[in-house]
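Visitor: okay, predicted coordinates and the sequence, questions at the end:
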There are 4 protein chains.
Amino acid sequence: MIEDISVRFLDNFKDQKLVSPVMIEGLPGIGQVGKLVAEYMIHMLHATKIAEIHSIYFPPHVIIEENGVARLVRNELYLHHTDARDFVFLVGDYQSTSNEGHYILTDQYLDIAAELGVRRIYTLGGFGVGHFVEEPRVLGALNRPELREEIEAAGVVFQRDEPSGGIVGAAGLILGLGAMRGIDAICLMGETSGYLVDPRSATSVLTVLSNLLNVPVDPTQLNDRAAEMERMIEGLIEGERLQSDEELSYIG
Amino acid sequence: MIEDISVRFLDNFKDQKLVSPVMIEGLPGIGQVGKLVAEYMIHMLHATKIAEIHSIYFPPHVIIEENGVARLVRNELYLHHTDARDFVFLVGDYQSTSNEGHYILTDQYLDIAAELGVRRIYTLGGFGVGHFVEEPRVLGALNRPELREEIEAAGVVFQRDEPSGGIVGAAGLILGLGAMRGIDAICLMGETSGYLVDPRSATSVLTVLSNLLNVPVDPTQLNDRAAEMERMIEGLIEGERLQSDEELSYIG
Amino acid sequence: MIEDISVRFLDNFKDQKLVSPVMIEGLPGIGQVGKLVAEYMIHMLHATKIAEIHSIYFPPHVIIEENGVARLVRNELYLHHTDARDFVFLVGDYQSTSNEGHYILTDQYLDIAAELGVRRIYTLGGFGVGHFVEEPRVLGALNRPELREEIEAAGVVFQRDEPSGGIVGAAGLILGLGAMRGIDAICLMGETSGYLVDPRSATSVLTVLSNLLNVPVDPTQLNDRAAEMERMIEGLIEGERLQSDEELSYIG
Amino acid sequence: MIEDISVRFLDNFKDQKLVSPVMIEGLPGIGQVGKLVAEYMIHMLHATKIAEIHSIYFPPHVIIEENGVARLVRNELYLHHTDARDFVFLVGDYQSTSNEGHYILTDQYLDIAAELGVRRIYTLGGFGVGHFVEEPRVLGALNRPELREEIEAAGVVFQRDEPSGGIVGAAGLILGLGAMRGIDAICLMGETSGYLVDPRSATSVLTVLSNLLNVPVDPTQLNDRAAEMERMIEGLIEGERLQSDEELSYIG
């Protein structure tokens, strides 16, 4: 009988002792902001994959990778080790396809966190505002009021009732369910239109997060990607303007 | 493994003995009528929160409260103590997202009622009529025919086959499943358009309910809110009339 | 914990021994044909209710009956006793709201049938043809080829691959799952438009079924209801024709 | 209590020992390509049915077969025996109706494969390209990179990230879940428009597969069916062109 969720730690991780580990969740969501930040950090810090998570609550398909090899959609854990502290990243292809699955998966993520000795989790996401934002702010949410001062000092903005629709999925449930287990959790949300993948918003979140974690990460490549996307979008807008001018010249 | 439903009684409630308790359910529904009434009573009577209910059948998100603190969506129990009788209010953010969840949650609500010694439950809701109602009546439904005389005497109207679509969710299932456990249950439904949150309808239900419970509750603030909403709606209609006059004056 | 399905036999039925019982299923479906036939037979034969079935797979609401009493939506069993044979009717408000629920409920119906000693089940339904049918035929399906001769002799028509979409819900699954338990099952489907409740189609099915069961049932009231509906529909068509003539007279 | 999935081996199969069996999955999917290939091979090779699989995750209905006999929708296993090797075909009416069901059913298929001693599975499907394809290529995916050389040599094309949407359902999950059990699995996908049942695409897949299996299968009948469909489609297009010409002649 297939397990609802299976967590498989890789051999390289067996019996490893972590030092004051902090978890960073960056699963898919609005503007893919959280995913961009967490995967960028994994890339830049050369973090090591330590586990794979599969679940019947994920969409029922496989992804084709290089060499034509198919693999189940999944979530993954990566580890970045420093002398001061260990960092565990939770990333992946998808979140749950069902409402109940969101709760059950998040509970499993918290089981893993507890098992690894994690006492604090950062969850990352986007905050959809419906229009393009030049200098995206980073909004925050907490699961214990005492955390606010520290987070606010790092430049994170708190607005009552924002996001008004709440925080959906793992980025939110980790705060809610984490509080019940005594695990601190902070959600960092970059402002974003909500229409496109948003590396600009991700850069804002990255800056704040690397300060909070005291882990310097060079944002140049993410910045470049943001600049490239902005050029592309400007090109599209310019193209539309030109076309619209042309159309007017037929009339005038 | 996460529980499907978790009920956590707060420390202030431990081992408290209730006197002939009556339960009042006011979860979200048509016109938010039940929610308005129950939350207004909790507010006016300074009832004390005694329990929180979480469930994987609720939507998978958190709500941001003051100080940026996120909490799981939930249902809550509040207690209002009088010398004659205790009153337990069941309120909350959401009902179940799935059909099966409605049954399972309601069964849990009845477990709680039974455990607290509740012998009668009032469930509150709206009765959608599709048009604005100036003086909303309160319609009733019961789970034992012998209850009718008392409820009718309080001004509640009974119409066969109304609501024709039945009563959906906890307000209805508490009657149906309650009957099987020998718990009396009465549903009070305020007439409402079904399009907007309706404090006017809530006032009607409040008047009837506070009579039935013999708990006086000053309806002034709810009345004020209803009056304010009506002014706002009139303003919108007047605005449309003016605009329509203006448009006509262009033509004339 | 609430049961997924609960079957409660009424006190009047306790320890009753049935004689060669046959079951007749008439749950809601296309044109409500099966429901009309089974409920009409229950009414005309003064069959006695012997059980109620509730389930979390039914829609989560209650129905308001006379006196304002609300009851859970449910399925019911009725018993008609004759010296030669007992007849058990399975009727109700709804079928399952989920795919899986259809299988689980039908399995339960067959558990009941087996427990009561039922060796044959008739399932009743409509066969949607997309247009009005003056003299609806009765189509059949079986779960054992040896049954065909007897059923065909009663005037039932067999057409390969019809209905082409298969038979959905309990009327079909009772045949499929019944075969695995060695219970004979025959589905009788009255041709019907598929757009309206169809007492004319029900009359056709009733005639065939009462022959097969050797239980005479006077079809007059069902015929009357069909005639009434036909007059009503003709009235609507006539009304439209008149209106259309009038509109033309404006033009002419 | 009904099982979520039931696998029933037929009596003819009891205690049969298989020789190095290979499994071929051809369940319904895009263009019905996999289903066409597997069912055609079963037909041409006179393979014998050895098992039936039923499940509450399949749609809740029965299918009418000849003689008016209804049967549950199902999946089936067929066996083709050769001296060198045994071939087990997995075919059927439907795949799961729910996301979770896809995982649970595939896990069951792999249980069966393991039990029969299967070490390699071919899964068959269509690869939707959105336009008609005259000479459909066969794309591949694997669950172990070492398999690629052999499959590529048989004319199968590998394109990174194709299909970009991944492979949905059993054809994909058998690769993903199979890898975890050490069962080799190869997916062969015929290019197809995605709009119609596509015997032309099936012919391409059949040619590749029968080479890989070293089982010659005469493709004539499948080719004929493809040619017939193509004539029919051309007829439709011609018909539309004629009609469009006629309409123009009214104007001219």
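Guide: Cool, got the structure.
Visitor: compute the mean per-residue pLDDT across stretch A:57-75, please.
Guide: What stretch A:57-75 shows for mean pLDDT is 95.
Visitor: kindly report the same for stretch A:233-244.
Guide: The pLDDT scores in stretch A:233-244 average 78.
Visitor: pull the distance from that stretch to the chain's centre.
Guide: Relative to the centre of its chain, stretch A:233-244 is centred 32 Å away, using C-alpha atoms, centre = their mean, to the nearest Å.
Visitor: quick one: residues contacting A:Ser204.
Guide: A:135-138, A:190-191 (C-beta atoms under 8 Å, 6 or more residues apart in numbering or on different chains). Using the backbone N, CA and C atoms, a C-beta is placed for each residue, glycine as well.
Visitor: looking at chain A, which helix is longest?
Guide: helix A:220-251 (DSSP state H).
Visitor: so what's the gap between that one and the chain middle?
Guide: For helix A:220-251, the distance to the chain centre is 28 Å (C-alpha atoms, centre = their mean).
Visitor: show me what it is packed up against.
Guide: Secondary-structure packing of helix A:220-251 (3 or more C-beta pairs under 8 Å, 6 or more residues apart in numbering or on different chains; DSSP states H and E): helix A:33-45, helix A:199-213.
Visitor: residues of that helix that come out buried?
Guide: Neighbour-count burial for helix A:220-251, counted by 16 or more other C-beta atoms under 10 Å in any protein chain shown, picks out A:222, A:225-226.
Visitor: the inter-axis angle of that helix versus helix A:33-45?
Guide: With axes from the mean of the first three to the mean of the last three C-alpha atoms, to 10 degrees applied, the angle from helix A:220-251 to helix A:33-45 works out at 130 degrees.
Visitor: quick revisit: and of the buried residues of helix A:220-251, the nearest to chain D?
Guide: A:Arg225 (19.0 Å; C-beta to the nearest C-beta).
Visitor: excluding chain neighbours, what is closest to the closest residue to chain D within the stretch 101-250 of chain A?
Guide: Per C-beta to the nearest C-beta, A:Gly101 is where the stretch 101-250 of chain A lies closest to chain D, at 8.2 Å. Here the nearest residue to A:Gly101 in space, its sequence neighbours aside, is A:Tyr57; by C-beta to C-beta, 6 or more residues apart in numbering or on different chains that works out to 3.0 Å.
Visitor: where does chain A have low pLDDT?
Guide: Residue ranges of chain A with pLDDT under 70: A:245-252.
Visitor: can you show me the strands along the stretch 1-150 of chain A?
Guide: A:5-9, A:22-25, A:48-55, A:61-64, A:70-72, A:75-81, A:86-92, A:120-128, A:138-142 (DSSP state E, counting those that start in this stretch).
Visitor: burial measure for the residue nearest to A:Gly101, as a count.
Guide: Around A:Tyr57 there are 23 other residues, counting by other C-beta atoms under 10 Å in any protein chain shown.
Visitor: and of the strands of the stretch 1-150 of chain A, who's closest to A:Gly169?
Guide: Across the strands of the stretch 1-150 of chain A, the minimum distance to A:Gly169, taken as C-beta to C-beta, is reached by strand A:120-128, at 8.3 Å.
Visitor: check contacts around whatever residue of the stretch 51-200 of chain A ends up closest to chain C.
Guide: Going by C-beta to the nearest C-beta, chain C is nearest to A:Ser98 of the stretch 51-200 of chain A, at 12.5 Å. With contacts defined as C-beta under 8 Å, 6+ apart, the neighbours of A:Ser98 are A:57, D:99-100.
Visitor: in helices, which of those appear?
Guide: Judged by DSSP H, helices contain the following of the contacts of A:Ser98: D:99-100.
Visitor: could you redo the contacts of A:Ser98 as CSV and give each row distance to A:Ser20?
Guide: Shown next, in CSV, are the contacts of A:Ser98 (distance: C-beta to C-beta, whole Å):
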residue, distance to A:Ser20
A:Tyr57, 31
D:Asn99, 38
D:Glu100, 37
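Visitor: contacts for stretch A:173-180 next, please.
Guide: Applying C-beta under 8 Å, 6+ apart, the set of residues contacting stretch A:173-180 is A:25, A:102-103, A:106-107, A:109-110, A:113, A:121, A:123, A:141-144, A:167, A:184-187, B:2, B:60-62, B:70-72.
Visitor: tell me the residue of the stretch 1-150 of chain A that sits nearest chain B?
Guide: Closest approach between the stretch 1-150 of chain A and chain B, counting by C-beta to the nearest C-beta: A:His102, at 3.3 Å.
Visitor: what's the burial count for the residue lying closest to that residue once chain neighbours are set aside?
Guide: Once flanking residues are discounted, A:His102 sits nearest to B:Pro60: 3.3 Å by C-beta to C-beta, 6+ apart. Number of residues near B:Pro60 (other C-beta under 10 Å) recorded here: 27.
Visitor: measure B:Pro60 to B:Gly125 for me?
Guide: 25 Å (C-beta to C-beta, to the nearest Å).
Visitor: whichever of the contacts of A:Ser204 end up buried, select them in PyMOL.
Guide: Entered in PyMOL, the line below selects the buried ones among these, by 16+ other C-beta under 10 Å:
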select buried, chain A and resi 136+137+138+190+191
